[in-house]
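1. Fold the following and give me the result.
(chains A and B, ligands or ions: 1)
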Amino acid sequence: MKDTETNEAISIVMAGHVDHGKSTVIGRLLADINALPKGKLEEIRARCRRQAKPFEYAFLLDALKDEQAQGITIDAARCFFRTAKRRYILIDAPGHIEFLKNMITGASRAEAALLVIDAREGIQENSKRHGYMMSMLGLRQLAVVVNKMDLVKYDRGVFEDIRKEYGDFLERIGVQPLAFIPVSGMGGANIAERAPETPWYDGPTVQEQIDSFEHREFPSSLPFRLPIQDIYRFTEHNDDRRIVAGTIETGTIAGGDAVTFLPSGKKSRIKSIEYFNGPVKQTAAAGEAPGFTLDTQVYIKPGEWMVKDGEPTMHTGTRFRVNMFWMGHASMIKGRIYKLKLGAVRSPVKLIEVLTVLDATELTTVANKEQVDRHDVAEVILETPKPIAFDTIDASEYTGRLVIVDDYEIAGAGIVLSEVATQESSLEEHIRAREIAWKNSSIAAHQRIKAYGHGAKFVVFSSLDTAVGERFARALERDLFDKHFKAYYLGMENVARGLDADLQIPGELRDDHIRRLGELARILTDSGQIFITSISNVDDYDLKMLELLNSPNEILTIHVGENRFDNFQPTLQLDAESDTAAGIEAVCDLLRAKNVILDYQI
Amino acid sequence: MTHLDKLEATSVHIFREAYRDFKSLVMLWSIGKDSTVLLWLARKAFFGHVPFPLMHIDTSYKIPAMIEFRDRLARELGLDLIVGQNREALAAKRTFPDGVLPRVACCQALKSEALRHTLSGEWPRLRMDPASGQYAADKSSEKFTGVIVGARADEEGSRSKERYFSARDQQSEWDVGDQPPELWKQYKTDFAPGTHVRIHPLLDWTELNIWEYIERESIPVISLYFNQGEGKRYRSLGCHPCTSPIDSDARNVSEVIDELRSGKFSDIAERSGREQDKEDSGGLETLRRGGYM
Ligand SMILES: Nc1nc2c(ncn2[C@@H]2O[C@H](COP(=O)(O)OP(=O)(O)O)[C@@H](O)[C@H]2O)c(=O)[nH]1
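-> Model (predicted):
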């Protein structure tokens, strides 16, 4: 058995400014190490002769028809080959700025990078931008290939100048290059063979360089972090396991370990590590994608993290400072709701502040920008409506990375620099401003109470199943109405169809629906009515949000059925099975206790 | 972790992302080695279960042993299997074996078109009852918008442009030039309503990896892949009029692996036995733009 076949391929991204010769270097490398299919080189040469155009090594790589027509490589094309030492996947990152997202896709999958610079043209914008992106993406092995040395007569001075200038640039962004290699892709100098034209150079050839890149290790020595993709319960074939599934980002875990789920803070213990069709596992480590069953059943959600007790925990918060780059066609602006993905977390997110925008080529910062434009690298503050758990980049680069989705597309990517402590969330800020500006009615609340014979209140029924909460909510409306009270029931679906019909992505941004319901409650309770609603599947934060939005008026939360809140205490808890009349009686008792309904009236 | 462990973990992760984000998922099963490995990886991801249906597009020109193998495995594993076909073209004898269409056009009709209309639920489909093994008209005409496919990047140049999650527009078209970024483990899993999405958990696997994994996991594969004594075996399976076996002495999985490792095929494309690829210089590429897997 040949070793090269079984050893894992190492993936290397080729980056650099357009036309600096990435494709030529790759093509030449493949030709010189005999990695090309038999006759391929000849076939392309012959085709070029037929079409009377000069042969280009780039043609070798252009597998797609229309690419040859356009003459540019349009995606992170991969190329599989082997040297005597091992197997490779070369990822060609196109140099055009329009293809930045391809470059990023390529680079984020790679373990090492070759960055090509044209000796005659020297360092160009994308030479720097690519270098910067690779450092941000976490690529640590980088070698610089100074190409087209034939065009500068293999002049050592030209090479040294580039080495000095680009080396300084890399140093400023915290990258230590492994080598600078003077080559001619076209002539084959220092690609696989040491070139007689550069007797002054004693570093590696391109082939030697790629052979010496090392595999990235899985970070199993960092604290344990499992982003939970899902909790499965497949009941077919009498399977009663409830399995927490995900791919371990960092660390190790063993059966019996005590774990905490974040941000909910719930706790349990690992009962078993599940893996289909394989030996029973006692431990699992970074990179593996097993499942876990737990000793005690806790209610947790996809998107939470599982961490190990006794190890450093994660940050949980709603505001964080992020260094990110933006690839979206539309700029990132304040006031718009985006989607954030971090580990298995999916959350709405808002841009709160643009701290600085960095010009990646000059490495100068631009202050006073209000938005993040396409291809900007920016330091920003982001906010999620509910706390999420994350690590900062200094603790772990693996669990502090995020992407931002805009209009279904990944438009931004970044790393979390720090948590931002806040006295006030943007919601609290909004409510404070709203209340300051609120013009009070000339009819005082107590006058309404006197006229209507009852106080105002926002009554929220929550349950796992919409129908259950709605049954009680409607019965309460009927009961209060029959007592001649001003009570009004409004279900979420009516809000969604009407008031919320204009929302960006209907049904997806629950927070926005809840926000509008809360604003509506503020108005209706101000009018002196008893406003009743019923919502399903809400969590701690949803209810806190309603409470906040309805303030300064009061809210009553009545939870029906199984309680899955992390900490939230509803004002009243009802059994889902309980008789409607008895339930309503309990609610009326509560309303009496709260002086909404006055005793003497009943 | 071995290289197979890593490939497996990545594929499992992609399966779980797909299952989390797509409501109407289906997995294509061509009965070949790749999609059978894909099936196995689904069972890895979901701990022995396959929580979505499998779909097979039956051109009616498949080698009969393939259909037998399909039905047997589906029953053994209790799979939810849907079968679709271009009944019209077959009834009208508009095919290559009937001498009417060139090969690529035949593939387009019997595979791409059949697939498109079977996925959308426009054309009738059959569904297997795993208990009895009988097929009956599928009562549901659910439109599948997330399609899990066993494409690999090493197979052909055009596939190396793929993403793990790749959108096709309404007509199954594929805009190669404008593909979203995928970075770290974050893939594009948000799509406008109605978008048809292909999911490729096997993108990083090579032909050799597939066989190594078949060996490690003892995955059942059809015997057409092995030399039965005539010194020939299939390396890639398709319709019998357009697929020919290659010269090989490999009689079992481990001999196939040895053969691949020996470098015997390093200059010969895996699909070299598939005639439709040769029709024009970009046969497979043309097919894939039209929705071919
Ligand atoms: N003289 C000379 N020309 C080169 C060399 N390498 C590439 N080129 C030319 O530079 C142009 C761009 O090369 P290509 O590999 O397509 O660049 P890419 O855009 O970075 O992939 C082509 O016309 C090549 O022939 C070299 O080493 N010497």
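2. And the strands in the stretch 1-150 of chain B, which stretches?
-> Assigned by DSSP state E, counting those that start in this stretch, the strands in the stretch 1-150 of chain B fall at B:25-28, B:54-57, B:81-84, B:126-128, B:135-137, B:146-148.
3. export those strands to TSV and tack on distance to A:Ile352 and mean neighbour count?
-> To be clear about C-beta, it is placed using only N, CA and C from the backbone, and glycine gets the same treatment. Shown next, in TSV, are those (distance: least, Cβ to Cβ, whole Å; neighbours: other Cβ atoms under 10 Å in any protein chain shown):
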stretch	distance to A:Ile352	mean neighbour count
strand B:25-28	36	22
strand B:54-57	46	24
strand B:81-84	48	22
strand B:126-128	51	19
strand B:135-137	56	11
strand B:146-148	34	26
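4. Figure out which of those strands is closest to A:Leu476.
-> Closest approach to A:Leu476 among the strands of the stretch 1-150 of chain B is made by strand B:25-28 (40.8 Å; Cβ to Cβ).
5. what distance separates the closest one from the middle of the whole chain?
-> 10 Å (Cα atoms, centre = their mean, to the nearest Å).
6. just the helices in the stretch 451-600 of chain A please.
-> Using DSSP state H, counting those that start in this stretch, the helices found in the stretch 451-600 of chain A span residues A:466-482, A:492-497, A:510-526, A:540-550, A:580-593.
7. A:Asn190: which of these is closest?
-> With Cβ to Cβ as the measure, helix A:510-526 is the member of those nearest A:Asn190 (57.0 Å).
8. Now do the closest one and helix A:540-550, the angle between them.
-> Here the directions of helix A:510-526 and helix A:540-550 differ by 40 degrees (axes from the mean of the first three to the mean of the last three Cα atoms, to 10 degrees).
9. Check which residues of helix A:510-526 are buried.
-> A:510-522, A:524-526 (16 or more other Cβ atoms under 10 Å in any protein chain shown).
10. from these, which is closest to A:Glu193?
-> Distances from A:Glu193 to the buried residues of helix A:510-526, taken by Cβ to Cβ, are shortest for A:Asp511, at 61.6 Å.
11. where's the closest residue to A:Ser221 other than its chain neighbours relative to A:Phe224, distance?
-> Nearest non-adjacent residue to A:Ser221, counting by Cβ to Cβ, 6 or more residues apart in numbering or on different chains: A:Gly251, 7.6 Å away. According to Cβ to Cβ, to the nearest Å, A:Gly251 stands 3 Å off from A:Phe224.
12. overlap in contacts of these two?
-> Counting by Cβ atoms under 8 Å, 6 or more residues apart in numbering or on different chains, the contacts common to A:Gly251 and A:Phe224 are A:308, A:311.
13. need the residues of chain A near the ligand, please.
-> Contacts of chain A with the ligand, taken as Cβ under 6 Å from any ligand atom, map to A:16, A:18-24, A:56, A:58, A:95, A:147-148, A:150-151, A:184-186.
14. Now with 5 Å, please.
-> Taking Cβ under 5 Å from any ligand atom as the measure of proximity, chain A contacts the ligand at A:18-24, A:58, A:148, A:150-151, A:184-186.
15. could you give the mean pLDDT of stretch B:8-22?
-> Stretch B:8-22 comes out with an average pLDDT of 95.
16. from the chain's centre, how far out does that stretch sit?
-> 17 Å.
17. so where do the helices sit in chain B?
-> B:3-21, B:33-45, B:64-77, B:87-91, B:103-107, B:114-120, B:207-217, B:253-261, B:283-289 (DSSP state H).
18. Rebuild those as JSON lines, extending it with mean neighbour count.
-> JSON lines is the format used below for the helices of chain B (neighbours: other Cβ atoms under 10 Å in any protein chain shown):
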{"stretch": "helix B:3-21", "mean neighbour count": "21"}
{"stretch": "helix B:33-45", "mean neighbour count": "24"}
{"stretch": "helix B:64-77", "mean neighbour count": "16"}
{"stretch": "helix B:87-91", "mean neighbour count": "14"}
{"stretch": "helix B:103-107", "mean neighbour count": "23"}
{"stretch": "helix B:114-120", "mean neighbour count": "21"}
{"stretch": "helix B:207-217", "mean neighbour count": "20"}
{"stretch": "helix B:253-261", "mean neighbour count": "19"}
{"stretch": "helix B:283-289", "mean neighbour count": "21"}
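19. among the ones you listed, which is nearest A:Asn34?
-> The closest of these to A:Asn34 is helix B:253-261. By Cβ to Cβ, the value is 17.8 Å.
20. quick one: the closest one near chain A?
-> Yes: judged by Cβ under 8 Å from any Cβ of the partner chain, helix B:253-261 and chain A are in contact via B:258, B:260-261.
21. how far off helix B:33-45 does that helix point, in degrees?
-> With the same axes, to 10 degrees as the basis, helix B:253-261 and helix B:33-45 are set at 120 degrees to each other.
22. Just list what helix B:253-261 packs against, helices and strands only.
-> With contacts taken as 3 or more Cβ pairs under 8 Å, 6 or more residues apart in numbering or on different chains; DSSP states H and E, helix B:253-261 sits against helix A:3-6, helix B:207-217.
23. what would those look like in TSV with mean pLDDT?
-> Formatted as TSV, the helices and strands packed on helix B:253-261 follow (pLDDT from 0 to 100):
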stretch	mean pLDDT
helix A:3-6	45
helix B:207-217	93
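24. Farthest pair within the residues of chain A next to the ligand?
-> Greatest spatial distance in the residues of chain A next to the ligand: A:Val18 and A:Asp150, 19.4 Å, computed using Cβ to Cβ.
25. Quick one: distance of stretch A:304-318 to the chain centre.
-> 17 Å.
26. For it, what does the pLDDT average out to?
-> Taken as a whole, stretch A:304-318 has a mean pLDDT of 95.
27. Same question for stretch A:139-159.
-> Mean predicted confidence for stretch A:139-159 is 95.
28. residue contacts, the residue most central in space within chain A?
-> Nearest to the geometric centre of chain A sits A:Lys341, at 2.4 Å (Cα atoms, centre = their mean). Shown in contact with A:Lys341 (Cβ under 8 Å, 6+ apart): A:402-405, A:410, B:186.
29. could you redo the last one with a cut-off of 7 Å?
-> Residues near A:Lys341 by Cβ atoms under 7 Å, 6 or more residues apart in numbering or on different chains: A:402-403, A:405, B:186.
30. export those residues to CSV and tack on pLDDT?
-> Below are the contacts of A:Lys341 laid out as CSV (pLDDT from 0 to 100):
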residue, pLDDT
A:Leu402, 95
A:Val403, 95
A:Val405, 94
B:Gln186, 91
